[in-house]
Each structure stands twice: as structure tokens, then as C-alpha cells.
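Colleague: Need the 3D shape of this:
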Amino acid sequence: MPAAIGGLALEASHVAPEQTRDDDARKHLRAALLTLGFRGVEADRALLVIDRKECDEPWRRPIETLVREALGILT
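Modeller: Numbering: from 1, shown residues only. Below is the predicted model of the structure:
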């Protein structure tokens, strides 16, 4: 049952652990690309290309693999 605070009903968000891991991988990869000097738009483009890959669970691969792939996309 949602708890009412200040007249607004709040519900606990139920996110699957897999989705949380995928989101974490995306955040880490974006941060790595920004640290390497890529602009936000460039980093976002690499994330979008990886999102559209036709492999199962593209974000479940090691971060090193994701960084290498993103660098290949951006160079």
C-alpha cells in the first residue's frame, strides 16, 4: 500500500536486478568515455549503438569489453 506524504502517494519502485546492473554498466561506460575526453553527445551515441546491438544482453559484458567497443564506435 503506498504511503501518503504531503498529499502525494509514493510507491516503492520495483526494478529488476538485471535492469539495475544494466543501468550501472551504462553509467560506468558513459563516465569512462567522458573521463577519456569524449563529449556527452559522443558518449550517448556510443551507448545508443550498443543498445541497438543484436546480441543478447549487451550490457552484461565486462566493462573493459564495453569500453573497447565504445572506442571502436567513436573512432
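Colleague: quick one: the strands in the protein?
Modeller: 3-5, 8-10 (DSSP state E).
Colleague: Identify the residue spatially nearest to the residue positioned nearest the centre of the chain, adjacent ones excluded.
Modeller: Nearest to the geometric centre of the chain sits residue 26, at 2.2 Å (Cα atoms, centre = their mean). In this structure, residue 26 finds its nearest non-sequential neighbour in residue 47, 5.9 Å apart by Cβ to Cβ, 6 or more residues apart in numbering. Just so you know, the C-beta spots here come from the backbone N, C-alpha and C atoms, and that holds for glycine as well.
Colleague: Contact partners for the one you found?
Modeller: Shown in contact with residue 47 (Cβ atoms under 8 Å, 6 or more residues apart in numbering): 26, 29, 30, 70.
Colleague: So which elements touch the longest helix anywhere in the chain?
Modeller: Longest helix in the chain, counting residues (DSSP state H): helix 17-35. Helices and strands touching helix 17-35, as assessed by 3 or more Cβ pairs under 8 Å, 6 or more residues apart in numbering; DSSP states H and E, comprise helix 40-51, helix 63-74.
Colleague: For it, buried residues please.
Modeller: For helix 17-35, burial by neighbour count (16 or more other Cβ atoms under 10 Å) applies to 22, 25, 26, 29, 30, 32, 33.
Colleague: Neighbours of the closest residue to the fourth one other than its chain neighbours, how many?
Modeller: Leaving out its chain neighbours, the residue that sits closest to residue 29 by Cβ to Cβ, 6+ apart is residue 66, at 5.0 Å. The local packing count at residue 66 equals 22, with neighbours defined by other Cβ atoms under 10 Å.
Colleague: For residue 66, give its distance to residue 75.
Modeller: 15 Å (Cβ to Cβ, to the nearest Å).
Colleague: looking at it, the residue nearest to the centre of the chain is touching residue 63, isn't it?
Modeller: No. In this structure, residue 26 is not within contact of residue 63 by Cβ atoms under 8 Å, at 10.6 Å.
Colleague: Sketch out the low-pLDDT regions of the protein for me.
Modeller: Applying pLDDT under 70 to the chain picks out residues 1-18.
Colleague: burial count for the closest residue to residue 25 other than its chain neighbours?
Modeller: Counting by Cβ to Cβ, 6+ apart, residue 59 is the residue found nearest to residue 25 once chain neighbours are left out, at 4.3 Å. Using other Cβ under 10 Å, residue 59 has 20 neighbouring residues.
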